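Chemist: what follows is a predicted structure for the sequence shown.
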Amino acid sequence: MKNGIHPKYKLLTVRLADGTEFQTRSTINTDTYVSEVDSTNHPFYTGRRQYVDTAGRVEKFRRRYGQRDAKPRS
């Protein structure tokens, strides 16, 4: 491998949302990375679903673009 073209890796501490920490190597220019998501709060792991307010989105669309009546084609 060529010298001088690869990024420098350094030790990084990762802190998860539940408070656990582990160390890894990374090219990030910080000593600690704080994650807001982990297996204790992500819906994929917990099985809880977050329902999207589709009715609110429809109303927002209608307010923005106006509700137009569809005319039947002849």
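Modeler: Nice, thanks for sending it over. Worth saying up front: this structure is predicted, and the values here are computed from it rather than measured.

Chemist: what about the strands in the protein?
Modeler: Per DSSP state E, the chain carries strands over the ranges 10-15, 21-26, 32-34.

Chemist: show me the one of these that comes nearest residue 56.
Modeler: Closest approach to residue 56 among the strands of the chain (C-beta to C-beta): strand 32-34, 31.4 Å. C-beta here means a position set from N, CA and C on the backbone, and glycine is covered the same way.

Chemist: returning to that earlier point: need the winner for burial among the strands of the chain.
Modeler: strand 10-15 (a mean of 14; mean count of other C-beta atoms under 10 Å).

Chemist: circling back: can I get the strands of the chain in a markdown table with distance to residue 2 and mean pLDDT?
Modeler: Shown next, in a markdown table, are those (distance: least, C-beta to C-beta, whole Å; pLDDT from 0 to 100):
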| stretch | distance to residue 2 | mean pLDDT |
| --- | --- | --- |
| strand 10-15 | 20 | 94 |
| strand 21-26 | 20 | 95 |
| strand 32-34 | 29 | 93 |
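
Chemist: reformat these as JSON lines; add distance to residue 66.
Modeler: Output for the strands of the chain, formatted as JSON lines (distance: least, C-beta to C-beta, whole Å):
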{"stretch": "strand 10-15", "distance to residue 66": "48"}
{"stretch": "strand 21-26", "distance to residue 66": "50"}
{"stretch": "strand 32-34", "distance to residue 66": "44"}
